[in-house]
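In: predicted model follows, preceded by the sequence.
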Amino acid sequence: MDEQNNVYEQKSCKSGKAVKTVKAGISFGSALAMVISYVNWHSVGWAIFHGLLSWVYVIYYIIRY
């Protein structure tokens, strides 16, 4: 019984770490998109919109410019 609990705890830790990593990646992508957008367009509205698009806008910017 203890072995089953130990295996479950290890899996929980791994999935928790993955969730934190994904959230950090999403946050970083949004921040990066907003900074790139504001520097180019000097508009808070466009920065917010591009922040919602996140990595899509960052990849578009890399390909386009």
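Out: Done, it's in.
In: mind showing which ranges of the chain have poor pLDDT?
Out: 1-16, 18, 21 (pLDDT under 70).
In: so which residue is dead centre in it?
Out: Nearest to the mean C-alpha position of the chain, counting by Cα atoms, centre = their mean, stands I26 at 1.1 Å.
In: what residues are up against that one?
Out: S54 (Cβ atoms under 8 Å, 6 or more residues apart in numbering). Placement of C-beta: from N, CA and C, glycine included.
In: same deal with Y38?
Out: 44, 46-47.
In: now, of those residues, which are buried?
Out: A47 (16 or more other Cβ atoms under 10 Å).
In: of all the contacts of Y38, which comes closest to Y60?
Out: For the contacts of Y38, the residue nearest Y60 by Cβ to Cβ is W46; the value is 13.1 Å.
In: before we move on, which element is that closest one in?
Out: helix 44-53 (DSSP states H and E).
In: just checking, what packs against the next helix or strand after that helix?
Out: Scanning forward in sequence from helix 44-53 by DSSP H and E, the next helix or strand is helix 55-64. Packing partners of helix 55-64 (3 or more Cβ pairs under 8 Å, 6 or more residues apart in numbering; DSSP states H and E): helix 2-41.
In: let's see that with 10 Å instead.
Out: helix 2-41, helix 44-53 (3 or more Cβ pairs under 10 Å, 6 or more residues apart in numbering; DSSP states H and E).
In: ok, the spatially closest residue to W46 that is not a sequence neighbour to L52 distance?
Out: Of all residues not flanking W46 in the chain, S37 sits nearest, at 5.2 Å (Cβ to Cβ, 6 or more residues apart in numbering). In this view, S37 and L52 are 11 Å apart by Cβ to Cβ, to the nearest Å.
In: alright, that wraps it up for me.
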